[in-house]
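**Q** what would the 3D arrangement of this be:
(one chain, ligands or ions: 2)
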Amino acid sequence: MNELAARCFALVPCAGVGLRAGQGGPKQYSTVAGRSVVAHTLAALAAVPQLAQTLVVLSPEDTQFEAHAPDFAGWITRTGGATRADSVAAGLQALRAQGVAEHDWVLVHDAARCLLQPAAVQRLIEACVGDAIGGLLALPLADTLKAAGPDDRVNATLDRSAKWLAQTPQMFRLGLLQRALHEAAATGVNVTDEASAIEALGLAPQLVPGELENFKLTWPADFALAERLLASRP
Ligand SMILES: Nc1ccn([C@@H]2O[C@H](COP(=O)(O)OP(=O)(O)OP(=O)(O)O)[C@@H](O)[C@H]2O)c(=O)n1
Ligand SMILES: C[C@](O)(CO)[C@H](O)COP(=O)(O)O
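**A** Ligands and ions are numbered 1, 2, ... in the order given. Down below sits the predicted model:
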């Protein structure tokens, strides 16, 4: 395969409802440090010169995106599904319809990870472009790991060595990722990220060190933390 001919595209699943965040609406449209969560995310991706284009996957009912990301000039599809994996699969279909090739790279990045730094994306691209499979940003576990039993009492302390927390972007070739998500859906394997679908094919994605700040806004308190971190950036 001619590696030079493979381009990189970003795919941003943005069709979630943000149940755990308690924002009274989809968390990607909450305002943090002066603009919406998704606008921060898209600005970070726009600052990565290796990305040929970004596709945002919205819910079919979404009427808010354009107002909350007025500067976005990339591709949009309103074909998001009931789960994140469904939304990503729909986005891959839309990329194909735009002429993105089987061997092109797709970097899937959560709309809700608005503290992404362009340099981290570039590190991922540099690590994966020569790789046969692809990979993801992730962080080695820093804390002791507990398994909970009933009533949130500790059942066991688990071995944390060689355990990483998966972040996004997660970078794979369009054709391979489409096949992996299709297989997972067909066999009923629950995949919470792209790498799990690739792993279910028996392949081993590369773990590329990410950044603590690239956390996913999930809980109510995450918004104040994101606000402070974004406000402190130059
Ligand atoms: N059906 C879905 C579910 C999630 N996402 C996107 O996937 C990313 C990560 O998902 P998560 O943090 O779980 O977001 P929500 O599903 O919105 O949150 P919750 O699970 O708390 O409802 C988010 O950018 C979200 O918009 C999506 O595109 N389609
Ligand atoms: C893809 C992901 O961000 C990796 O950590 C995460 O799994 C998505 O969040 P969800 O809560 O599992 O939908």
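
**Q** kindly report the residues of the protein close to ligand 2.
**A** Neighbours of ligand 2 within the chain, by Cβ under 6 Å from any ligand atom: 84, 110, 166-168, 192-193, 216. For glycine as for every other residue, the C-beta is placed from the backbone atoms N, C-alpha and C.

**Q** got a winner among the residues you listed for most neighbours?
**A** Highest neighbour count within the residues of the chain next to ligand 2: residue 168, with 28 neighbours (other Cβ atoms under 10 Å).

**Q** show me what whichever strand or helix holds that residue is packed up against.
**A** Using DSSP states H and E, residue 168 falls within strand 164-173. Helices and strands touching strand 164-173, by 3 or more Cβ pairs under 8 Å, 6 or more residues apart in numbering; DSSP states H and E, are strand 105-108, helix 118-128, strand 134-140, helix 194-200.

**Q** next, the buried residues of stretch 156-175.
**A** Of all the residues in stretch 156-175, those buried under the rule 16 or more other Cβ atoms under 10 Å are 166-174.

**Q** how about the helices and strands packed on strand 164-173, which one is nearest residue 55?
**A** Nearest to residue 55, of all those, is strand 105-108, at 8.7 Å by Cβ to Cβ.

**Q** name the residues that touch the closest one?
**A** The contact list for strand 105-108 (Cβ atoms under 8 Å, 6 or more residues apart in numbering) reads 6-13, 51, 88, 91-92, 95, 100, 121, 124-125, 128-129, 134, 168-174, 177, 194.

**Q** switch to 6 Å and redo it
**A** Contact with strand 105-108 is made by 6, 8-11, 88, 169-171, 173-174, 194, as judged by Cβ atoms under 6 Å, 6 or more residues apart in numbering.

**Q** what's the farthest-apart pair in the residues you listed?
**A** Between any two of the contacts of strand 105-108, the greatest separation by Cβ to Cβ is 19.3 Å, found for 6 and 88.

**Q** neighbour count winner among those two?
**A** A count of neighbours by other Cβ under 10 Å puts residue 88 above the other of residue 6 and residue 88, at 27 against 15.

**Q** is it true that the more buried one touches residue 13?
**A** Yes - assessed by Cβ atoms under 6 Å, residue 88 is found in contact with residue 13 at 5.4 Å.

**Q** residue 203: neighbour count?
**A** Other residues lying near residue 203 total 15 when counted by other Cβ under 10 Å.

**Q** where's the most centrally placed residue in the chain relative to ligand 1, distance?
**A** Centroid check for the chain by Cα atoms, centre = their mean gives residue 109 as the closest residue, at 2.5 Å. As defined by Cβ to the nearest ligand atom, to the nearest Å, residue 109 lies at a distance of 8 Å from ligand 1.
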